[in-house]
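> kindly generate the corresponding structure for this input.
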Amino acid sequence: MSPENFQLGAHVVPRIWNGLWQLSGNAWGSAPSAKIRQQMATHAERGYTAFADHYGSAEILFGQFRQTLSNPNRVFGATKWCVFRPTNPTRDVVQAAVQERLDRMQSESVDLLQFHWQNYDDDGYLTALRHLNDLRHERKISMIGLCNFDSRTTDEICRELGPGVIVSNQVQFSLVDVRPLHGMAQVCQRHNVKLLTYGTLCGGFLSDQWLNEPEPDLYSGRMTPSQRKYLDMILKVWGDWDLFQTLLSTLRLIGDRHGGLSIANVATRWVLDHSFVGAVIIGARLGISDHTDDNLRVSELRLTNEDRAIINCVLEKSNGNQLIRTIGDCGAEYR
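Reported below is the predicted structural model:
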């Protein structure tokens with residue numbers, strides 16, 4: 001069985017992408033570059049042909065891997081340009097940022113350039129995006145996406161730039177973090193924008209590994225940065241460990257009903273079943289672990305109305321629907 005695909009702009013891409021943020025440092029574990037590139041090839045051979053992120057050496061390793069292929073276009077590369085500090089986004093500044101991506105990825109065009117702008121009070125993001133759109137017309141960029149933009153600003157950008165310019169927004173979305181259901185979904189449907197979601201497995205907590213396990217120590221020093229982030233959300237904002245165990249038990253029950261699928265399969269399917277979601281980006285610990293066989297089984301799963309109902313019974317006991325107020329809209333936790 002192959003991963004499901006969907007149409008993103010002019011590209012047909014899988015609905016499960018390889019997230020490369022774990023190449024940003026040794027906190028997730030490390031592997032030799034040759035082994036990482038070899039596992040990229042394994043992922044691509046199994047149908048996981050889309051790779052995303054720019055942290056650390058991610059762009060460089062992806063570019064090296066793609067150069068080894070007889071047909072480099074068979075894989076898809078998404079990267080980012082993130083503006084965190086006050087910046088005057090002149091044409092030269094924007095072009096230099098894009099050229100850096102091209103150089104690192106050894107490419108003549110970026111398949112998907114995802115743009116993040118930290119300060120909404122500075123509307124320079126509109127100027128930057130107009131320059132990015134010019135570079136798209138010049139074929140330096142194939143498609144433009146957003147990263148961690150909230151509903152209001154995403155709507156503003158899509159209205160200002162016009163139909164078809166923005167194809168995606170990368171935001172957090174999972175059974176724990178349901179904020180995209182409160183506003184972002186409607187913006188996506190209005191402008192034909194697809195969400196590329198991360199955090200779908202909450203750093204691995206939405207998996208069989210944590211079923212019937214005691215509450216972990218947030219400060220043990222043995223957790224990855226992702227695990228610390230999502231455990232903090234689960235315990236301090238969403239609910240508590242007992243309720244999270246109830247959620248895991250419910251997902252295990254559903255997985256058993258469908259032939260022994262994993263908790264991660266069920267959690268991923270739940271996100272993918274929302275029409276405004278294009279793909280989930282699952283962090284890949286390349287050269288360290290490999291979940292491609294398990295992820296392929298997501299395509300087998302069709303959640304029933306009963307499955308969704310028992311999931312909702314658990315979610316209704318959580319504070320998930322209040323996260324839009326306690327944390328803020330999508331991306332607010334980074335501002």
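
> what helices and strands are in contact with the helix-or-strand element of the chain with minimal mean pLDDT?
The helix or strand of the chain with the lowest confidence, counting by mean pLDDT, DSSP states H and E, is helix 292-296 at a mean of 77. Helices and strands touching helix 292-296, by 3 or more Cβ pairs under 8 Å, 6 or more residues apart in numbering; DSSP states H and E, are helix 263-272. No exception for glycine: its C-beta is placed from N, CA and C like everyone else's.

> below-threshold pLDDT in this structure: ranges please.
1, 21-32, 284-292 (pLDDT under 70).

> can you tell me which residue sits nearest the middle of it?
Nearest to the mean C-alpha position of the chain, by Cα atoms, centre = their mean, lies Tyr198 at 3.0 Å.

> got phi/psi on that one?
Note on Tyr198: its backbone torsions stand at phi -120, psi 170 [degrees, to the nearest 10].

> in three-state terms, label the nearest residue to it once chain neighbours are set aside for me.
Spatially, and ignoring its direct neighbours in sequence, Tyr198 is nearest to Ile281 (4.7 Å; Cβ to Cβ, 6 or more residues apart in numbering). Following DSSP: H, G, I helix; E, B strand; the rest coil, the label given to Ile281 is strand.

> tell me what the helix or strand just after the least confident helix or strand of the chain is packed against?
Using DSSP states H and E, the helix or strand that follows helix 292-296 in sequence is helix 305-315. Packed against helix 305-315, as judged by 3+ Cβ pairs under 8 Å, 6+ apart, are the following elements: helix 241-257, helix 263-272.

> which residues are in contact with stretch 203-212?
174-176, 200-201, 224, 226-227, 229-231, 234, 244-245, 248-249, 251-252, 262-264, 267, 283 (Cβ atoms under 8 Å, 6 or more residues apart in numbering).

> what subset of these is buried?
The neighbour count (16 or more other Cβ atoms under 10 Å) marks 174-176, 200-201, 224, 226-227, 229-231, 234, 244-245, 248, 251-252, 262-264, 267, 283 as buried among the contacts of stretch 203-212.

> now do the contacts for the closest residue to Leu235 other than its chain neighbours.
Excluding the flanking residues, the one nearest Leu235 by Cβ to Cβ, 6+ apart is Trp241, at 6.5 Å. Going by Cβ under 8 Å, 6+ apart, Trp241 touches Pro214, Glu215, Ile234, Leu235.

> ok, now with 10 Å
Trp210, Glu213, Pro214, Glu215, Pro216, Leu231, Ile234, Leu235 (Cβ atoms under 10 Å, 6 or more residues apart in numbering).

> got JSON lines for these, with secondary structure too?
As requested, those are arranged in JSON lines below (three-state DSSP):
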{"residue": "Trp210", "secondary structure": "helix"}
{"residue": "Glu213", "secondary structure": "coil"}
{"residue": "Pro214", "secondary structure": "coil"}
{"residue": "Glu215", "secondary structure": "coil"}
{"residue": "Pro216", "secondary structure": "coil"}
{"residue": "Leu231", "secondary structure": "helix"}
{"residue": "Ile234", "secondary structure": "helix"}
{"residue": "Leu235", "secondary structure": "helix"}
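
> from the residues you listed, which is closest to Phe149?
Distance ranking of the contacts of Trp241 against Phe149, using Cβ to Cβ, places Ile234 first at 24.6 Å.

> so what's that closest one closest to, chain neighbours aside?
Leaving aside its sequence neighbours, Ile234 sits nearest to Phe244 (Cβ to Cβ, 6+ apart; 5.3 Å).

> that neighbour against Glu215, yeah?
Yes. Using Cβ atoms under 10 Å, Phe244 is in contact with Glu215, at 8.7 Å.

> between those two, what contacts are shared?
Residues within reach of Phe244 and of Glu215 at once, by Cβ under 10 Å, 6+ apart, are Leu231, Ile234, Leu235.

> which helix or which strand is home to the closest residue to the first one other than its chain neighbours?
In this structure, Leu231 finds its nearest non-sequential neighbour in Leu218, 5.5 Å apart by Cβ to Cβ, 6+ apart. Using DSSP H and E, Leu218 sits in no helix or strand.

> do the one 10 residues further on as well
In this assignment (DSSP H and E), Arg228 forms part of helix 225-233.

> and the angle from that helix to helix 241-257?
Helix 225-233 runs at 110 degrees relative to helix 241-257, counting by axes from the mean of the first three to the mean of the last three Cα atoms, to 10 degrees.
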